[in-house]
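The following comprises the amino acid sequence and a computationally predicted model.
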Amino acid sequence: MIDTPTRRAVLGAGVFAAGSLLTIDASIAEAPLAPTPECHDGDAATVAQTEGPFFKPSSPERVELIEEGMAGQPIELVGFVLTRACKPVAGALLDFWQADDKGRYDNSGFRLRGHQFSDAEGRYRLRSIVPGAYVGRTRHIHVKVQPRGGRVLTTQLYFPGESLNRTDGLFRKELLMRTAKNAGWLAGRFDFVIG
């Protein structure tokens, strides 16, 4: 029997070979992440979660949330927006917002807030910092994902290995990013499956 790669495995390999879309620098691009799980038609959609009290509409369009002099562990998060049939979703809106490294949200401006659109292959890339935890909450990044003309998925992404994951009532293991560390950066991976 000949093993053939699944569509998600091929897409997963492609996301890290995507050239300038994913390049931080050569040493970080070499950081291997675990392969994407197999994708089957009818995959479960990404779990929805509350947007919380800190969402602000009209964020600036940008993939780079890090500002000069900003404290915190840099992270580059990449992945795909996919349908339940494992097809990439081009032009999907992804709106990210998060706390700073001390667990504080900017409610007067747009620091650590921004939106972008998935490319023709359904890929996205976000450069930010690892958010701080705060009372009652583990580290997390908020996101809204919306295909053109489709329904909005609002959810939160979580970091593996955080002790507060066990006590945060909103934490869901299905929303854990895969991460690897290299050259001072944290590389993260999460694929959104929209229904």
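Sure thing, it's come through.

make it CA atoms for all contacts and neighbour counts henceforth
Noted.

What segments of this protein are strands?
Applying DSSP state E to the chain gives strands spanning 74-83, 93-97, 113-117, 123-129, 140-146, 153-158, 178-182, 185-189, 192-194.

Next, the buried residues of the second one.
Across strand 93-97, burial judged by 16 or more other CA atoms under 10 Å covers 93-97.

Low-confidence ranges, this structure, go.
In the predicted model, the chain carries pLDDT under 70 at residues 1-42.

mind listing the helices in it by residue range?
7-16, 26-29 (DSSP state H).

Switch the strands of the chain over to CSV; also include distance to residue 103.
As requested, these are exported to CSV (distance: least, CA to CA, whole Å):
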stretch, distance to residue 103
strand 74-83, 15
strand 93-97, 12
strand 113-117, 14
strand 123-129, 11
strand 140-146, 10
strand 153-158, 14
strand 178-182, 20
strand 185-189, 18
strand 192-194, 25
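
circling back: for the buried residues of strand 93-97, work out which two are farthest apart.
93 and 97 (13.3 Å; CA to CA).

Okay, the residue nearest to residue 148 when sequence neighbours are not counted and residue 119: tell me how far apart.
Leaving aside its chain neighbours, residue 148 sits nearest to residue 92 (5.9 Å; criterion: CA to CA, 6 or more residues apart in numbering). According to CA to CA, to the nearest Å, residue 92 and residue 119 sit 8 Å apart.

Would you mind telling me which of the two has more residues around it?
Using other CA atoms under 10 Å as the criterion, residue 92 and residue 119 rank with residue 92 on top: 25 against 17.

Surely that one is in contact with residue 118?
Yes: under the criterion of CA atoms under 8 Å, residue 92 makes contact with residue 118 at 5.2 Å.

joint contacts of these two?
Counting by CA atoms under 8 Å, 6 or more residues apart in numbering, the shared contacts of residue 92 and residue 118 are residue 81.

Name whatever forms a beta bridge with residue 114.
Note on residue 114: beta-bridge partners by DSSP bridges are residue 96.

now it: how far from residue 84?
Counting by CA to CA, the gap from residue 114 to residue 84 is 26 Å.

neighbour-wise, which of these two wins?
Each of residue 114 and residue 84 has its neighbours counted (other CA under 10 Å); residue 114 has more, 23 against 19.

My guess is that one contacts residue 60. True?
Yes: Residue 114 lies in contact with residue 60 (CA under 8 Å); the separation is 5.0 Å.

Residue 64: which of the strands of the chain is closest?
Nearest of the strands of the chain (CA to CA): strand 123-129, 4.8 Å.

got the angle between the closest one and strand 140-146?
Here strand 123-129 runs at an angle of 150 degrees relative to strand 140-146 (axes from the mean of the first three to the mean of the last three CA atoms, to 10 degrees).
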